[in-house]
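> fold the stuff below for me.
(chains A, B and C)
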Amino acid sequence: MEARGAARLRAERRRALLAAAPALGVLTLLFGGALAGAARTSLVPLGGEPTLDAWRALYGDPAFADSVRFTLQVTLLSTLLSCALAMLVALVMRRRSVVVRALLSMPVPVPHLLVAVAAVLWLAPGGLADRALGGLPLTLVRDDLGLGVVLVYVYKETPFLVLLLLAAMGEALAAREEAAAVHGASQWQRLRWVVWPAVRTPLVVGGIVVAAFVLGAFEVPLTIGPSYPPTLSEFALQATQGDLLAGEGVAAATLLLTAVASTLLAILAVRLAKDAAGG
Amino acid sequence: MVETRVQRVLGGLLATAFALPLLVLVVRAFADRWRAPALLPQDWGMRGIELAFSGQAAEAFWTSLLVAVVTTAVALVLGWPAARVLGERRLKRPAIAFLLLAMPLLVPPYATGAGLTEWFLRLGLVDTVSGIVLAHLVGVLPYVVVVLLSAFGPEVTALEEMGRASGLAPLQRWRWVTLPAVAPTLAAAAFLGFLVSWSQYGSSLAVGGGRPMLPVVMLPFVRSDPQVAAALALLFLAPAIAALALTARAARSPL
Amino acid sequence: MYPGRLLLLALIMLALPLAACGDDDAGSGAGTADAPGSSFPEVEREARGQTVRWWMFGGDDRINAYVKDVVAPAAKKKGVTLRQVPITDTADAVQRVVAEKRAGKTSGGGVDLIWINGENFAAGKKAGLWLEGWALDLPSAKFIDLEDPTITTDFKVGVEGQESPWSRAAFVYAHDSAKVKPPPKDFDELLAYAKANPGRVTYPAPPDFTGSAFIRQVVAAKGEDEAFAYLRQLKPLMYRKGKTFPKSEAELNGLFADGEVDFAMSYEFGFIRNEVRKKSFPDTARPFLLGKGALANVSFVTIPANAAHQAGAKVVADLLLSPELQAAKADPKGLGSPTVLDLSKLEADDAAAFEGSSSGPYVLKDLGEPVEEIAADEVAPLETRWKREVLRG
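So this is what the prediction gives:
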């Protein structure tokens, strides 16, 4: 009996693996190829021998260190703010009509670049907000701290996170909340013990996606970020605008490092989330 | 929970707050002259629209649309079984699968495109629709799987059990039980996948530079000619908003 | 644990292509042109039915209109289909050619023609990316002045027939004559103006090519160390106290149009005329120079050595250089940019077509003594020095 059960389990596991194989296999192939290509570009300049020059150039460049610091700053701020805001908005939006939800989701299909352009139109000195209010208290475009960049990302990513959260807050959850309410749980208790476990995973996953995206995106900082320091992707872009052939290697190295950083962040976040939830 | 008036007003305000700033793009597209300190354009006009449509924009629009639809379809087909397996927690070591899924999302898209260019050149995939689809797939497939997997789980499995117990054949079960149960999430996954491909700039340029794609055609205008950029933005947004409407309708399915 | 195994797998994947990396530059470097004996009519015959993909900046509607409404029909008459591939930066095109070279693609390349000059051309030339020795064989090449260093060298790098001239640029500045009268005459006066009017002067940050050109002009006027001292002096008097700069010429134009700063600048000789036509600049905007003359250069079109449609590309390059199309380009109603042709080498009626291209209040009639560009490989170090001493300073 034991043996049959174990064998069936193994067969099921194998079937599961086979089912997931096409997607995972395609991804491994394509993405692995991309990583390999980027690694090659960073290590082998055109027509030359493999060299660590590009990586050494990064290591020795103080601008790179500043860029890392600034990018992490903007990423953390954007992610935490948009997660918090998304949670609050999702709670408010739960029972709203489809039309209202659709309006809220407007930023989602808009590419970041266009949101940044709209942000400039609104927030720049001489922009609409300036014209309407006679002056803004804060500098939000090309400011040292990158607050404008954070604002744009929060504006753009919150609806995306809200959509993810709402997808997890369906009828089943409402039913469970009803049941809890019937048993005398207060609103806070319902939030903590019924709602939170249901949304925890999409929130963490969404947060990681947002963080990774902000870490690597460049159109928004290009449009409204400060001249210095540049974000990592801007840094990579600027590298190719100087000496093109050497710059390619530096750019590839920068982007690879960004990828590594994002992955480490993701693993860290997942570990933290698991610990916080008690496994 | 009782729906309070405050909540309703708040909901409306939030929705407006998120939707309104984008209207400025619509105004900018039709503004021939809009200089400070005017709140509304001094001159309205069609210059932006005319110029936007006179170039490669039309061809770029259809190519981008084709690529986005094909990529989404392929991602759904490949991703459905994986999403199922992950959502129902049937994998022994899901962490590896998740890492593999997450990694393409964590890499700047331009890096992915640039890294693939050489391989695709050797394979003759550069500047072809298939090549661009494959490059986009790297970003779209993870999103699709990650979103779709939240649809599967004990509830859907239970429903399918009921279907099986009622004597439904597998295909009928899929059509009448599974599909409606996951429809909202499926729609969301398809929508997101479509968007990711539709807005993709980095890999479109690297792998498909020779074929006009809408984001690539639009980017040069963003800094040099905001009016044309805004007009192209409207073109850009049209299918995305249409897809959003479709998704909202699909999400309203009874189950 | 699992991440460890994944890391190992990743390392193996990375190592594989390195092992195979010996085979990337199969074949020779730059391809050479057809044998000297082959005549242009033969090239034209070969070009019939080809589609030429011209990778060029796509964000300027007048240039796009010129390509679509003037160049493409002219090419069509010769049986060549011209297709503009819009890019944001010339480097995008060069990177594609580099990738093709890495992939060992020595023919059938996806880039047939590139609008290029300066560092990008120099980098490609060093890497052997461009087709050699074809530019002077074009029929229209007899109309250019081979004694002109701006035609035979590109940022002090010898052209050597690897690119064909297309367009002249002259760096000019803009001011609003209703507000600033008269404009500063040189850089010292600009500094004095900034002292008297803090926060009203700025320039785009390198590596933007307009900002880079501004830096180069200051260096040309004062010598390198003096120039950087000057820029550091100017910084606190600038817009936003020099803490932040516009990231592109277009952004600076926007600031000027909105009245946030008092000066704009561009390589594009007729840019004020175009911005006024776009109703972005005020009608009272006027051009001026800083120093004895305008920084001038020529931009070219080049053909990658592995281009799939070289004959077609040569036909297009020749058309671009022809008096008819150059005149159309110089027409103030269209692009209005100066020609690269030597007018003394043209027939009388052809030369007459170029009259009036520098008319109107928005363009300068006299560009003074043209300031030469520095060597291509000196550009990047200057930009790096600027970032270090002025931006971070």
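
> now B:P239. Nearest residue, chain neighbours left out?
Excluding its sequence neighbours, the residue lying closest to B:P239 (CB to CB, 6 or more residues apart in numbering or on different chains) is B:L65, at 6.2 Å. C-betas here are computed from N, CA, C, even on glycine.

> in a helix, that neighbour, correct?
Yes: checked against DSSP: H, G, I helix; E, B strand; the rest coil, B:L65 lies within a helix.

> what about A:F218, how many residues close to it?
Applying other CB atoms under 10 Å in any protein chain shown, we find 23 residues neighbouring A:F218.

> separation between it and A:V44?
Remark: distance between A:F218 and A:V44 (CB to CB, to the nearest Å) = 25 Å.

> ok, C:A348 next?
Relative to A:V44, C:A348 is positioned 57 Å away (criterion: CB to CB).

> what sits against C:V363?
By CB atoms under 8 Å, 6 or more residues apart in numbering or on different chains, the contact list for C:V363 reads C:F269, C:G270, C:I272, C:R273, C:P287, C:P332, C:G336.

> what about the residue nearest to B:P239, neighbour count?
Neighbour tally, B:L65, other CB under 10 Å: 15.

> next one: B:D32
Neighbour tally, B:D32, other CB under 10 Å: 16.

> tell me the pLDDT of it.
On pLDDT, B:D32 comes in at 81.

> pretty sure it is in a strand, no?
Yes: secondary structure of B:D32 (three-state DSSP): part of a strand.

> that one touches B:W44, doesn't it?
Yes: here B:D32 reaches B:W44: they are 6.4 Å apart, a contact under CB atoms under 8 Å.

> quick one: contacts of stretch B:183-191?
With contact meaning CB under 8 Å, 6+ apart, stretch B:183-191 is reached by A:163, A:167, A:170, B:72, B:76, B:79, B:83, B:143-144, B:147-148, B:150-151, B:179, B:243-244, B:246-247, B:250-253, B:255.

> now restrict those to buried residues only.
Among the contacts of stretch B:183-191, those buried by neighbour count (16 or more other CB atoms under 10 Å in any protein chain shown) are A:163, A:167, A:170, B:72, B:76, B:79, B:83, B:143-144, B:147-148, B:150-151, B:243-244, B:247, B:250-251.

> show me what contacts the residue nearest to C:F300 when sequence neighbours are not counted?
Excluding the flanking residues, the one nearest C:F300 by CB to CB, 6+ apart is C:E163, at 3.7 Å. Counting by CB under 8 Å, 6+ apart, C:E163 touches C:I116, C:N117, C:F121, C:W130, C:A135, C:D154, C:F300, C:V301, C:T302.

> equivalent analysis for C:T90, please.
With contacts defined as CB under 8 Å, 6+ apart, C:T90 is in contact with C:M56, C:F57, C:I114, C:W115, C:I116, C:N120.

> now do 6 Å
With contact set as CB atoms under 6 Å, 6 or more residues apart in numbering or on different chains, C:T90 has these partners: C:I116, C:N120.

> for chain C, what are the nearby residues on chain A?
Residues of chain A lying close to chain C by CB under 6 Å from any CB of the partner chain are A:32, A:36, A:39-40, A:44, A:46-47, A:125-126, A:142, A:226-228, A:238, A:240-245.

> hmm, try it at 7 Å
A:32, A:35-36, A:39-40, A:43-44, A:46-47, A:50, A:63, A:125-126, A:142, A:144, A:222, A:226-228, A:238, A:240-245, A:248, A:267 (CB under 7 Å from any CB of the partner chain).

> kindly give a single PyMOL line that selects the buried subset of those residues.
What follows is the PyMOL syntax selecting those of the residues of chain A next to chain C that are buried according to 16+ other CB under 10 Å:
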select buried, chain A and resi 32+35+36+39+40+43+44+46+63+125+126+142+222+226+227+228+238+240+241+242+243+244+245+248+267
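
> what segments of the stretch 1-150 of chain A are helices?
A:2-43, A:53-59, A:62-93, A:98-104, A:112-123, A:128-133, A:147-168 (DSSP state H, counting those that start in this stretch).

> what's the answer for the stretch 151-255 of chain B, then?
So, for the stretch 151-255 of chain B - with DSSP H, counting those that start in this stretch - the helices run B:154-165, B:170-173, B:179-199, B:202-208, B:214-224, B:226-251.

> looking at those helices, which is buried most?
Greatest average neighbour count among the helices of the stretch 151-255 of chain B goes to helix B:202-208 (a mean of 27), per mean count of other CB atoms under 10 Å in any protein chain shown.

> pLDDT-wise, which helix or strand of chain A ranks last?
Least confident helix or strand, chain A: helix A:98-104 with a mean of 73, by mean pLDDT, DSSP states H and E.

> does it reach chain B?
Yes: if you take CB under 7 Å from any CB as the test, helix A:98-104 does meet chain B, through A:V98, A:V100, A:A102, A:L103, A:L104.

> so C:S164 touches C:F300, yeah?
Yes: counting by CB atoms under 7 Å, C:S164 does reach C:F300; the two are 5.9 Å apart.

> give me the more crowded residue out of those two.
C:S164 (28 against 25).

> quick check: residues of the stretch 51-200 of chain B near chain C?
Contact residues, the stretch 51-200 of chain B versus chain C (CB under 7 Å from any CB): B:51, B:55-56, B:93, B:95-96, B:99, B:117-118, B:121-122, B:126-127.
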